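1. What shape does this take:
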Amino acid sequence: MATNGIAEILAPPPSFEQLDIPSSLVSDIILRYFFNYGKASGNDVKRLIRLPFRVTDEALERLQREHLVEVRRGTSGLGGLGRQGYTYAITDEGKNRARDAMERSQYIGPAPVPIEKYNKAVVLQTRKDAISPERVQQALSHLVLPQNFHRRIGPAVNAGTSIFLYGPPGNGKTTIAQAVGMLVAGSDPVWLPHAVEVGGQIIQLFDKLVHREVPVDPNPAIDPRWRMYRRPFVIVGGELKLDSLDLRFDPVAKFYEAPLQMKANCGMFLIDDFGRQQVSPAQLLNRWIVPLETEIDLFRLQTGQTFEVPFKQLIVFSTNLDPEQLVDDAFLRRIQMKVGVFSPDEKMFYRIFVEMCNALEVPFDKASFIHFLQEWYHKPGRPLQAVHPRDILKIVVSLCEYSGEPPHLTPELIDEACESYFVDSSRATIPGRTLARVQ
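-> Next up is the predicted model:
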């Protein structure tokens with residue numbers, strides 16, 4: 001159900017003449033649909049454009065009066081469908097008009113909503129309810145973290161602006177960020193449209209990799225163009241390019257795809273391995289420094305028309321590079337919360353090792369763990385990393401499976417696993433073995 005704050009935005013249009021977008025856009029979508037698929041029922045058209053049937057019926061009647069479509073078969077009274085069951089087909093004159101419509105755009109899908117309504121809906125649905133410490137702790141409960149670490153994450157999530165996770169690799173920054181993303185996605189769902197309209201142009205917002213629909217009972221008080229979704233969670237890594245943060249116009253299909261940050265509105269946007277993207281930190285800074293400050297993003301259509309969109313998502317940057325070398329003070333000032341994720345101490349490392357033994361069903365052996373710590377960390381001066389117990393134990397399991405033995409731990413298996421895992425050209429020998437020096 002829609003909340004009172006956006007009930008007016010979600011109200012369905014009363015008639016085809018009173019649409020909140022140019023009616024020609026809807027007519028063009030219908031004509032392109034018939035041109036590509038031939039015949040269709042009124043109910044088929046209604047499902048396609050996601051408008052109430054009274055509006056769809058008026059659109060079809062207008063096209064029929066203009067001799068662009070015709071009724072091929074009436075099924076009024078069958079199955080209770082009434083005019084929704086009529087079968088329509090495009091006429092020769094309609095095909096000519098459809099070709100003109102295809103020249104303008106090849107978009108065939110749900111009718112868009114005006115950008116003004118989308119913007120209002122985003123602002124109204126930006127999460128305002130605080131997430132409790134208990135929920136944050138629960139979201140991070142599968143991780144071994146320093147005591148009260150949740151107090152560094154929780155306030156940042158509730159602020160809903162930006163978080164900068166930094167620290168050496170292999171200590172759980174990405175896992176923490178993903179846990180936060182699932183926490184955000186699992187909060188109250190939001191109403192979003194499939195596409196928006198700006199200046200007669202269509203921008204497709206829906207992305208099946210990002211938007212997960214929440215089933216709701218049909219409600220005649222809600223415009224079918226709006227659907228309820230889990231809050232979006234967008235993740236990008238080294239593949240991020242600058243043009244992914246701007247409108248992308250398909251020169252063949254002739255409609256736009258929304259940028260990643262627009263798809264993430266009302267949810268979370270994780271930039272993983274920040275600093276290793278195809279776009280440099282300086283370029284990203286120049287692109288986002290104003291949106292981070294004003295919470296408004298600006299876009300330009302190919303026609304030259306500009307328009308604003310809310311910049312309302314939790315932005316999380318995760319990096320194992322030195323933040324002071326990566327970005328300047330102006331950028332860091334606009335990221336409100338900086339959270340360091342550092343190497344575990346020995347007590348935490350022990351807890352992680354035991355938990356991973358339980359998860360992988362490997363009986364814990366204290367002597368093997370002490371050997372692991374002394375021979376592979378204390379002696380070589382290697383820093384502890386939270387990811388190492390999981391990775392080493394997985395190799396141990398693989399070694400046992402290869403030998404046809406049940407998973408177990410011995411110092412010898414630890415050594416064999418570590419030989420396979422660590423790359424250290426400075427060591428010519430390891431406990432009990434001689435290695436060729438890596439060139």
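
2. pLDDT value on the most centrally placed residue in the chain, please?
-> The centre of the chain sits closest to Val234, judged by Cα atoms, centre = their mean, with a distance of 2.3 Å. Looking at Val234, its pLDDT reads 95.

3. is it true that it touches Val210?
-> Yes: applying Cβ atoms under 8 Å, one finds Val234 in contact with Val210, separated by 5.7 Å. (C-beta placed from N, C-alpha, C; glycine too.)

4. Mutual contacts of those two, please.
-> Common contacts of Val234 and Val210 (Cβ atoms under 8 Å, 6 or more residues apart in numbering): Lys263, Ala264.

5. returning to what we had before: partners of the residue nearest to the centre of the chain in the sheet?
-> Phe269 (DSSP bridges).

6. what residues are up against it?
-> Val210, Leu260, Gln261, Lys263, Ala264, Gly267, Met268, Phe269, Leu270, Gln313.

7. I'd like the distance between the second one and Ile392.
-> In this case it means Leu260. From Leu260 over to Ile392 the distance is 36 Å, taken as Cβ to Cβ, to the nearest Å.

8. Nearest to Gln374, out of the contacts of Val234: which one, please.
-> Closest approach between the contacts of Val234 and Gln374, by Cβ to Cβ: Leu270, at 37.1 Å.

9. sorry, back to before: in strands, which of the contacts of Val234 fall?
-> Those of those mapping onto strands are Met268, Phe269, Leu270, per DSSP state E.

10. Quick one, which of those are buried?
-> Met268, Phe269, Leu270 (16 or more other Cβ atoms under 10 Å).

11. Do a quick rundown of the strands in the stretch 1-150 of the chain.
-> Ranges of strands within the stretch 1-150 of the chain are 40-41, 69-73, 87-90, 113-114, based on DSSP state E, counting those that start in this stretch.

12. low pLDDT regions in this protein?
-> The model of the chain has pLDDT under 70 over residues 1-4, 74-82, 424-439.

13. Got the domain ranges for it?
-> Under the assignment automatic domain parsing, the domains of the chain span 22-107, 117-340, 346-434.

14. possible to save the ones in strands among the contacts of Val234 as TSV with distance to Phe317?
-> What follows is these, written out as TSV (distance: Cβ to Cβ, whole Å):
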residue	distance to Phe317
Met268	12
Phe269	10
Leu270	8
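
15. quick one: which of these is nearest to Glu197?
-> Phe269 (23.9 Å).

16. What residues does Gly170 make contact with?
-> Contacts of Gly170 by Cβ under 8 Å, 6+ apart are Gln385, Ala386, Val387, His388.

17. which SS state does Val339 fall under?
-> Val339 carries the three-state label strand when classified by DSSP: H, G, I helix; E, B strand; the rest coil.

18. Do me a favour and get the end-to-end distance for stretch 39-53?
-> 18 Å (Cα to Cα, to the nearest Å).

19. Only the buried residues of it, if you could.
-> 40-46, 48-53.

20. for stretch 147-157, same thing?
-> Residues Phe149, His150, Arg152, Ile153, Gly154, Pro155, Ala156, Val157 are the ones in stretch 147-157 that count as buried (16+ other Cβ under 10 Å).

21. closest to Glu116 among these?
-> Out of the buried residues of stretch 147-157, the member with the shortest distance to Glu116 (by Cβ to Cβ) is Val157, at 29.1 Å.

22. what's the helix or strand for the closest one?
-> helix 150-159 (DSSP states H and E).

23. the inter-axis angle of the helix or strand following that helix versus helix 150-159?
-> Using DSSP H and E, the helix or strand that directly follows helix 150-159 along the chain is strand 162-166. Strand 162-166 and helix 150-159 are oriented at 150 degrees to each other (axes from the mean of the first three to the mean of the last three Cα atoms, to 10 degrees).

24. tell me which strands and helices the next helix or strand after strand 162-166 is in contact with?
-> Reading on from strand 162-166 to the C-terminus, the next helix or strand found by DSSP H and E is helix 173-185. Judged by 3 or more Cβ pairs under 8 Å, 6 or more residues apart in numbering; DSSP states H and E, the packing partners of helix 173-185 are helix 133-139, helix 150-159, strand 162-166, strand 233-236, strand 268-271, strand 314-319.

25. repeat that for 10 Å
-> Secondary-structure packing of helix 173-185 (3 or more Cβ pairs under 10 Å, 6 or more residues apart in numbering; DSSP states H and E): helix 133-139, helix 150-159, strand 162-166, strand 233-236, strand 268-271, strand 314-319, strand 337-340.

26. Pull the residues that contact the helix or strand immediately after it in the chain.
-> Note on helix 173-185: by DSSP H and E, the next helix or strand toward the C-terminus is strand 190-193. Residues from elsewhere that reach strand 190-193 (Cβ atoms under 10 Å, 6 or more residues apart in numbering): 2-3, 6, 9-10, 50, 110-114, 117-118, 121-122, 124-127, 204-206, 211, 213-214, 216, 222-223, 225-232, 263, 265-267.

27. In its sheet, which strands sit next to strand 190-193, and in what direction?
-> strand 226-229 (antiparallel).

28. Looking at the buried ones among the ones in strands among the contacts of Val234, spot the one nearest Phe35.
-> Looking across these and measuring by Cβ to Cβ, the closest to Phe35 is Phe269, at 37.7 Å.

29. contacting residues for the closest one?
-> By Cβ under 10 Å, 6+ apart, the neighbours of Phe269 are 162, 181, 232-236, 260-263, 311, 313-317.

30. separation between it and Pro281?
-> 16 Å.

31. same thing with Val341?
-> Distance, Val341 to Pro281, by Cβ to Cβ: 19 Å.

32. Between the two, tell me which one has more neighbours.
-> Val341 (23 against 20; other Cβ atoms under 10 Å).

33. Next, the contact list for the nearest residue to that one once chain neighbours are set aside, please.
-> In space, and not counting its chain neighbours, Val341 is closest to Gly167: 4.0 Å by Cβ to Cβ, 6 or more residues apart in numbering. Residues near Gly167 by Cβ under 10 Å, 6+ apart: Lys173, Ser318, Thr319, Asn320, Pro323, Val339, Gly340, Val341, Phe342, Ser343.
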